[in-house]
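**Q** structure for this input, please:
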Amino acid sequence: MRRKKLLIGAIFAGALTGIGTANAIEILPSCDNDAYAVLDENGNLVCGGQTAPAEKAQPQQPAKPQEEAAPAPKKNQKPGSFIVEKSEKTFVDWGPYKQKSPQELLKIIRSLLAEQSPVVSYPQNAPVGCCYGKLVKPPTYKALIIKYVKQDGGYKVVTHPAQFVEKVKKILIRPAYHKIEVIPAKYETKTERIMIAPPRAIWTYKDGAYCKIEVPAEYVTVTRKVLVEPPKCKKVLVPAQYKTVKVYELKRDATCEKKPVPPKYDIVKKTFMVKGPEVIWDAILCDVNLKPNEIKQIQARLKELGYYNGKITGKLDDATMAAVVKFQVDHNLPAGNISIETLEVMGLKKLAQNYTACEIKNIK
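**A** The predicted structure is shown next:
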């Protein structure tokens, strides 16, 4: 089993050129509540807003995404909980393998198939005419999206100046009143590190040697503004004025009010590999159960699709299998043998129906 893992890791590490930013590791959430952990500026591990020593992160539920930006944090949202939404999607993709020639792909796939053995025996109750063999499943990737608060929400100050009524008097023309001075809010810029992938060990292959190396953890650094002190306003007294002709009586003094300002959000996206090519076992078509006229159908269809340039011989030779493997890789299918799924994707559904009963998922 160890030799199998070495070969898969080495071959994939040599072929990988990247889908987004990919690594041959399995990424798991860092917190007990399935949240992703980040390091703050002091080196502490933060899980959904709760800070704990890096050795053991305390769980904290991340804030739910909001359809409309709220003016202030929710009551049940603890201070510092800036990751408001995360989503992830797992998918399979042959990625950089698609750039290789059919002959190169056939060689790589066959080396994987020769190295690993099926983990289960053939089904005892399979119908007559069924064949079973190994296929290489494409690498598995995970696409991660994290939405976080780039700048905290707060308040803005709206002022209403004093209003006066003009009257004719001999003494007081304008009483004392107040004007408003606004003290702006203070923000502090902080840099946070979001851990995307923990440290891990991988195998590399070079010049005929396999080497196990330590790959450090991966982080994404984000910068955000944190509200330190909200805006303030203060009243400044304006002295009364006296004259002998006109006066202005105060009708309404100056006032101010604070209106909420929603927070600003940003998004971090990351795609990485969680599992390399994997050998699986299912019903296949081979020389034992595949008739020459059926092979001709496959060759003709591959030629029509631009994958096969040879003669229509009805023989399952290396040129035909190289074209099949290239088609499977281009369509992110398990590769290495002709499966029923390959026939269906190829458009040979009538031919596939002859062997559908052989698939392991269809056998009771």
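
**Q** buried ones in stretch 344-359?
**A** Across stretch 344-359, burial judged by 16 or more other C-beta atoms under 10 Å covers 345-346, 348, 351-352, 354-355, 358-359. Where you see a C-beta, it was placed from the backbone N, CA and C, and this is true even at glycine.

**Q** cool, and stretch 211-218?
**A** Neighbour counts over stretch 211-218 (16+ other C-beta under 10 Å) mark E218 as buried.

**Q** pLDDT on that stretch, on average?
**A** Mean pLDDT, computed over stretch 211-218, is 86.

**Q** what lies in contact with it?
**A** Counting by C-beta atoms under 8 Å, 6 or more residues apart in numbering, the neighbours of stretch 211-218 from elsewhere in the structure are 21, 23, 25, 195-205, 272.

**Q** hang on, the earlier thing: now render the buried residues of stretch 344-359 as JSON lines, adding secondary structure.
**A** Listed next are those as JSON lines, based on DSSP: H, G, I helix; E, B strand; the rest coil:
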{"residue": "V345", "secondary structure": "helix"}
{"residue": "M346", "secondary structure": "helix"}
{"residue": "L348", "secondary structure": "coil"}
{"residue": "L351", "secondary structure": "helix"}
{"residue": "A352", "secondary structure": "helix"}
{"residue": "N354", "secondary structure": "coil"}
{"residue": "Y355", "secondary structure": "coil"}
{"residue": "C358", "secondary structure": "helix"}
{"residue": "E359", "secondary structure": "coil"}
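
**Q** buried subset of the contacts of stretch 211-218?
**A** Among the contacts of stretch 211-218, those classed as buried by 16+ other C-beta under 10 Å are 23, 25, 195-197, 200, 202-203, 205, 272.

**Q** tell me the contacts of T342?
**A** The neighbourhood of T342, defined by C-beta under 8 Å, 6+ apart, consists of 324, 327-328, 333.

**Q** of these, which belong to helices?
**A** Residues from these lying in helices, with DSSP state H as the criterion: 324, 327-328.

**Q** what's the PyMOL line that selects buried ones from these?
**A** Only the buried members of these end up in this PyMOL selection, burial being decided by 16+ other C-beta under 10 Å:
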select buried, resi 324+327+328
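
**Q** next helix or strand past the helix or strand bottoming out on mean pLDDT in the chain?
**A** The least trusted helix or strand in the chain, going by mean pLDDT, DSSP states H and E, turns out to be strand 50-52, with a mean of 36. If you walk from strand 50-52 toward the C-terminus, the next helix or strand you reach (DSSP states H and E) is strand 83-92.
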